[in-house]
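# Give me the fold of what follows.
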Amino acid sequence: MPPLDTRVPAVLLRIDPNPFHHGTLGAVRSLGRAGVEVHLVADVTGSPVRASRYVRQLHPPPAPGAPVAEVAAVLLRVAARVARPAVLIALDDAGAVAVSRLGAELSPAYLLPPQPDGLPERVADKAELARLCAAADVAHPVTLVPESAAQAVAAARRLGLPMVAKWSRPWLLPPGSGLRSTVVVRSAREACELYARREEAGSRLLLQQFLPPGDDRDWFFHGYADRSGAVRAGGTGRKLLAWPRGAGLTAVGEWTPDASVRVPAERLARELGYRGILDLDFRRHGPAGRPHLLDFNPRAGAQFRLFTDTAGLDVVRAQHLDLTHRPLPSGAERPGRVFVVENYAPLTALRRTRGDREPAWHADDDPAPGRAMWALWGRHVSRRLLTRLRPGATEPAAGTSAETAEAAGEALGESGRGGARGGSAPETPDRSGAVEQARVVRQASPRSVALPHPAEPTDEERTGSR
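Numbering: from 1, shown residues only. The predicted structure follows:
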């Protein structure tokens with residue numbers, strides 16, 4: 001592929017503090033391997049990402065929930081240290097929304113896609129997305145936005161139970177509130193109780209048709225819309241394994257070309273005039289299995305490296321090439337390519353395969369993050385086990401068993417702010433996955449690295465294809 005312009009550095013922004021966000025490491029490696037100087041603005045306390053050889057410099061991020069002015073101040077300070085224009089790439093919704101609001105203020109210190117005003121915020125807003133889909137004739141779960149408790153009750157009658165409740169702007173949820181971005185409600189009373197907390201949540205409550213999970217139903221689309229509007233790089237993939245099962249992030253994903261997913265995704269991006277990286281989540285529903293759009297994430301998804309074509313192009317490299325006016329190569333798709341997140345699917349990662357597979361954490365040319373991940377993850381799982389089995393305990397257990405593995409699975413799958421993705425219900429955590437994790441924990445070194453804070457999957461990871 002054409003070489004990237006290594007005179008232009010990249011600044012990666014992630015406001016969410018999740019230390020196990022493997023998409024951040026993927027972006028660092030993708031650009032660093034191409035010779036680009038990578039600056040990371042993120043909280044990497046206790047994170048394996050900080051160990052990567054491809055991080056040129058770490059910068060403290062704005063606090064979660066910080067006002068846009070604070071985000072601007074942080075990014076302008078980073079720009080002053082970098083001392084030349086850089087490509088800015090957001091890795092979570094909060095960052096993408098903030099950058100879209102700050103386009104004029106951040107230019108010319110940063111190179112940004114020529115995005116229509118406010119569009120990233122509109123597509124990330126789950127209530128607004130329903131209207132955008134209707135206008136573009138893209139299938140979407142039936143969605144109602146109640147304006148009163150009575151309307152919430154009426155929505156339950158119209159949609160039927162169970163139904164899905166979402167906060168339209170989940171990045172505004174206050175930490176420690178106990179509110180989840182997406183939950184399945186099973187009574188009108190639950191819907192009314194959530195509606196009463198709308199001011200605390202910081203955005204509107206929407207109630208949505210429940211789309212049942214099932215095999216081969218969860219799909220995703222990644223791409224990059226260049227300066228002309230053409231969607232390049234990326235592709236369509238299906239989720240082979242989720243964590244938690246049926247309701248969480250992609251633990252194992254496969255590149256599977258499918259026009260029924262790609263066509264509506266590209267049409268929606270084109271009709272909106274979208275520019276930049278996009279990550280869309282679909283669930284098949286109905287007798288014909290028509291893909292219904294659940295989420296439109298205006299940034300790179302955590303498993304974007306799955307879609308690395310024969311020319312070595314992925315969506316992150318595509319943005320750097322496009323904004324530095326370099327040609328984007330026309331590589332071929334690589335159907336059957338698999339992406340595995342080892343801490344959520346360790347046995348899958350250990351199995352030998354003849355196909356093309358990329359792990360999220362391990363890399364021969366950058367081994368330190370993979371080693372650090374297992375030490376940190378072992379410590380984390382041990383803590384979660386103790387929380388469930390011996391509340392108040394402070395020392396990690398020496399080992400584990402099948403029973404404690406089930407407890408770990410429940411703790412990891414149900415705690416934190418995360419909820420069911422899109423229109424799906426939270427199922428019982430995948431016990432086989434929990435046992436897989438337990439076996440790896442026995443081989444890890446849980447006492448070697450102290451984890452300063454819980455490291456559960458955030459809503460950013462758990463409610464989409466991240």
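
# Give me the spatial nearest neighbour of residue 365, chain neighbours excluded.
Using CB to CB, 6 or more residues apart in numbering and skipping the chain neighbours, the partner closest in space to residue 365 is residue 33 (7.3 Å). (Each C-beta comes from the backbone N, C-alpha and C, glycine too.)

# what's the burial count for that neighbour?
17 (other CB atoms under 10 Å).

# what's the answer for the one 3 residues further on, then?
Other residues within reach of residue 36 by the criterion other CB under 10 Å amount to 25.

# Residue 117 now?
So residue 117, with other CB under 10 Å, has 11 neighbours.

# contacting residues around it?
100, 103 (CB atoms under 8 Å, 6 or more residues apart in numbering).

# and it, what element?
Applying DSSP states H and E as the criterion places residue 117 outside every helix and strand.

# hang on, the earlier thing: my guess is the residue nearest to residue 365 contacts residue 364. True?
No - the pair residue 33 and residue 364 fails to qualify as a contact (CB atoms under 8 Å) at a distance of 11.7 Å.

# Identify the residues contacting residue 124.
Contacts of residue 124 (CB under 8 Å, 6+ apart): 93, 96, 97, 169, 171, 296, 297, 298.

# how close does the nearest residue to the fifth one once chain neighbours are set aside sit to residue 367?
The shortest distance from residue 171 to any residue that is not its chain neighbour, by CB to CB, 6+ apart, is 4.0 Å, and that residue is residue 94. To residue 367, residue 94 is 31 Å away according to CB to CB, to the nearest Å.

# Same check on residue 359?
In terms of CB to CB, residue 359 sits 11 Å off from residue 367.

# out of those two, which sits in the more crowded spot?
Neighbour totals were compared for residue 359 and residue 367, and residue 359 leads with 17 against 14 (other CB under 10 Å).

# so that one bridges to which residues?
residue 340 (DSSP bridges).

# Quick check, it in contact with residue 345.
No - judged on CB under 8 Å, residue 359 makes no contact with residue 345 at a distance of 9.7 Å.

# hang on, the earlier thing: which one among the contacts of residue 124 gets closest to residue 220?
Nearest to residue 220 among the contacts of residue 124: residue 297, at 9.5 Å, using CB to CB.

# excluding its backbone neighbours, what's nearest that closest one?
Nearest residue to residue 297 in three dimensions, chain neighbours excluded: residue 279, at 4.1 Å (CB to CB, 6+ apart).

# Where does the one you found fall, secondary structure wise?
strand 276-285.

# That strand: how far from the chain's middle?
Chain-centre distance of strand 276-285: 11 Å, with CA atoms, centre = their mean, to the nearest Å.

# Would you map the strands across the stretch 1-150 of the chain?
In the stretch 1-150 of the chain, the segments counted as strands under DSSP state E, counting those that start in this stretch are 10-13, 38-41, 57-59, 86-90, 110-111, 143-144.

# how about the ones you listed in TSV, adding mean pLDDT and distance to residue 386?
As requested, the strands of the stretch 1-150 of the chain are exported to TSV (pLDDT from 0 to 100; distance: least, CB to CB, whole Å):
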stretch	mean pLDDT	distance to residue 386
strand 10-13	98	34
strand 38-41	98	32
strand 57-59	98	31
strand 86-90	98	36
strand 110-111	98	44
strand 143-144	98	41
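
# For those strands, give me a markdown table that also has distance to residue 313 and mean neighbour count.
Shown next, in a markdown table, are the strands of the stretch 1-150 of the chain (distance: least, CB to CB, whole Å; neighbours: other CB atoms under 10 Å):
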| stretch | distance to residue 313 | mean neighbour count |
| --- | --- | --- |
| strand 10-13 | 15 | 27 |
| strand 38-41 | 18 | 24 |
| strand 57-59 | 26 | 15 |
| strand 86-90 | 15 | 26 |
| strand 110-111 | 18 | 22 |
| strand 143-144 | 35 | 21 |
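
# and of the ones you listed, who's closest to residue 198?
If we rank the strands of the stretch 1-150 of the chain by CB to CB, the stretch that ends up nearest is strand 143-144, at 14.1 Å.

# other SSEs contacting that closest one?
helix 126-136, helix 149-159, strand 205-208 (3 or more CB pairs under 8 Å, 6 or more residues apart in numbering; DSSP states H and E).

# Please convert the buried members of the contacts of residue 124 into ChimeraX selection syntax.
Applied in ChimeraX, the following selects the buried portion of those according to 16 or more other CB atoms under 10 Å:
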select :93,96,97,169,171,296,297,298
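
# Among the contacts of residue 124, which one lies nearest to residue 244?
For the contacts of residue 124, the nearest to residue 244 is residue 297 (19.3 Å; CB to CB).
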